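>>> sequence and predicted structure, then a few things I'm wondering about:
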Amino acid sequence: MVCLALVFAGLSVFDALASTGNPPLETIPQGPCRAVVRVSAAYLRAAADYESPLETQELMGTVVRVLGKDRYWCKVESPQPYTAWCTDRTLVVMDSLSMEAYIRAPKYVCIASVTRVLEEPRASSPQLCDAVLCDRLRVVFRPGSVKAGGTAKAGERFGGKPLTRGKYAAVLLPDGRRGWMLRSELMTEEAWAATGCDLRSVQMRAAVSETAAASEPVALPEKVADAYGVRASLVACAREFVGVPYLWGGMSPKGFDCSGLVRMVYLRYGLILPRNASQMARLGREVKPEEMKPGDLLFFGANGRVTHVGMYIGDGHFVHSSHLVRINAVAPDAPDAYENMYKFLFSRNLLD
C-alpha cells in the first residue's frame with residue numbers, strides 16, 4: 001500500500017527555484033518507475049485505448065507507479081489503489097532523488113471546484129492549464145527567502161515566504177512550469193490538514209485489505225476531530241456539485257460516478273476513502289436510518305451486493321450521483337424520493 005505521504009507530492013522548494021531536470025515524456029521507460037500526474041485529472045482506463053472504459057481518475061500531484069508501456073500508454077498503479085492505463089502526456093517521470101524532493105516539498109491544495117493556472121498574475125493572462133478541487137501544486141518561494149537546513153515542521157518548512165503578486169500566488173506544476181493562481185483558491189497543506197479532520201485517522205484505504213472478506217467490517221483507527229463541524233462542511237461541499245453530469249469512473253468536478261462524488265467530498269476535508277462503494281460500505285459503523293447524521297453514507301444494491309452510494313445531508317434528504325449529481329428524499333413516498341429507494345440496504349457513520 002502506498003503511504004499517505006506519496007499520495008500527494010511536489011518537488012522540493014530548491015527545485016522550484018531552478019530547472020527541474022525532469023526527463024522528456026518520450027523517455028518514460030518500459031520497466032517500473034515512479035511518476036507524478038501533471039494534469040488536473042488524469043483519466044485511467046481499463047486498457048491502452050481511448051475507447052476502453054474509464055476506470056477512475058487521479059488528481060494532479062498524485063504519485064503513481066508506472067508498470068509498463070504500450071505505445072504512448074502507460075500502465076500505472078495508483079494509490080487508490082487501482083491499476084489502469086493513462087497516456088504518457090499526463091505523467092512526469094522522476095528519478096529517486098527528484099521524487100523524494102518532490103514528496104517533501106511544501107504544497108498548496110486547490111480548493112476551487114474548477115479554475116485556471118495562468119502564465120502571469122493577471123486575469124487577462126493566457127492559461128497554462130486548468131486545476132480542479134484537491135489538486136496539489138508546489139509552493140514557489142520568494143528569491144532569497146529560502147534558508148538551507150530549514151525544518152520540515154508545519155509553518156517552518158525551509159523558512160521561506162511564498163511568492164505572491166496582489167491576489168495571486170505563484171505555483172509550480174509537476175512538469176516544472178511556473179504559473180499563478182488566485183490566492184483565494186489555494187490553501188496550504190498545513191491549513192487544509194487543520195480544517196477539522198484528524199489526518200492520522202483517515203488512512204482508511206490501508207484498512208481495506210484485498211485479502212479480507214468482502215463482508216468484513218473495518219473499524220476506523222480514531223474518531224475524527226470536530227466531527228460536527230466536518231459534517232456541515234461535507235454537506236456544503238456536496239451541494240456545490242449539484243447538476244454535475246454522471247461519469248462512470250469520474251472522481252473530479254469534470255464528472256462523478258456515485259463513489260467518486262462521495263470520495264471527492266470527503267477528500268476536500270482530508271478524509272481519504274476507498275475508491276468503490278463496496279469498500280466504503282465496510283467502514284465505520286452501521287446506523288439506523290432514523291439515526292443518520294449529515295455526512296453519513298447510504299448504500300444501495302440487491303442481494304446484499306452494494307452497487308450505489310450517496311451521502312445524507314439532513315432533513316430527510318441525501319445527495320448522490322445518478323444520471324447527474326442530485327438531491328432526493330429518503331422517504332420512498334415523498335414527492336422527490338429517489339426512484340430506487342427500494343434498493344436501500346443500510347447506512348454507515350464514518351466520523352464518530
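Here it is on my side, so go on.
>>> quickly list the domain ranges of this structure.
Per automatic domain parsing, the structural domains of the chain span 1-189, 199-349.
>>> per-residue confidence averaged over the longest one?
This means domain 1-189. Domain 1-189 carries an average pLDDT of 83.
>>> and what of stretch 267-282?
Stretch 267-282 carries an average pLDDT of 90.
>>> these two touch, right, Glu286 and Phe299?
No: judged on Cβ atoms under 8 Å, Glu286 makes no contact with Phe299 at a distance of 9.6 Å. Placement of C-beta: from N, CA and C, glycine included.
>>> now do the shared contacts for those two.
Shared contacts of Glu286 and Phe299, defined by Cβ atoms under 8 Å, 6 or more residues apart in numbering, comprise Phe346, Ser347, Arg348.
>>> who has more neighbours out of Glu286 and Phe299?
It is Phe299, of Glu286 and Phe299, that has more neighbours when counted by other Cβ atoms under 10 Å, with 21 against 14.
>>> direction included, what does the helix or strand containing the more buried one pair up with?
Using DSSP states H and E, Phe299 maps to strand 297-302. Take DSSP bridges as the rule and strand 297-302 pairs in its sheet with strand 305-314 (antiparallel), strand 344-349 (antiparallel).
>>> pick the most buried one from those.
strand 305-314 (a mean of 21; mean count of other Cβ atoms under 10 Å).
>>> contact partners of that strand?
The contact list for strand 305-314, computed with Cβ under 8 Å, 6+ apart, reads 234-235, 238-239, 258-259, 261-262, 265, 277-278, 280-281, 292-301, 318-322, 327-328, 330, 338, 340, 343, 345, 347.
>>> give me the buried entries from those.
Neighbour-count burial (16 or more other Cβ atoms under 10 Å) applied to those gives 234-235, 238, 258-259, 261-262, 265, 277-278, 280-281, 292, 294-301, 318-322, 327-328, 330, 338, 340, 345, 347.
>>> out of the strands paired with strand 297-302, flag the one nearest Glu119.
Ranking those by distance to Glu119, with Cβ to Cβ as the measure, places strand 305-314 first at 37.7 Å.
>>> next one: that closest one to chain centre, how far?
On the basis of Cα atoms, centre = their mean, to the nearest Å, strand 305-314 sits 19 Å off its chain's mean C-alpha point.
>>> just checking, next helix/strand downstream of it?
strand 317-322.
>>> by contact count, what packs against that next one?
Judged by 3 or more Cβ pairs under 8 Å, 6 or more residues apart in numbering; DSSP states H and E, strand 317-322 is in contact with helix 227-239, helix 258-267, strand 305-314, strand 324-329.
>>> looking at the ones you listed, which is nearest to Pro32?
Closest of those to Pro32 is helix 258-267, at 26.4 Å (criterion: Cβ to Cβ).
>>> run through who's touching the helix or strand that that closest one is followed by.
Once the chain leaves helix 258-267, the next helix or strand it forms, by DSSP H and E, is helix 277-280. The contact list for helix 277-280 (Cβ under 8 Å, 6+ apart) reads 208, 214, 258-259, 262-263, 273-274, 297, 299, 305-309, 348, 350.
>>> tell me the spacing between Gly250 and Tyr102.
Distance of Gly250 to Tyr102, given as Cβ to Cβ, to the nearest Å: 26 Å.
>>> which parts of the strand or helix carrying Ser98 are buried?
Using DSSP H and E, Ser98 falls within helix 96-104. Of all the residues in helix 96-104, those buried under the rule 16+ other Cβ under 10 Å are Ser98, Met99, Ala101, Tyr102, Ile103, Arg104.
>>> and if you look at stretch 246-258?
Using 16+ other Cβ under 10 Å as the test for burial, stretch 246-258 gives Tyr246, Leu247, Gly249, Gly250, Met251, Ser252, Pro253, Lys254, Gly255, Phe256, Asp257, Cys258.
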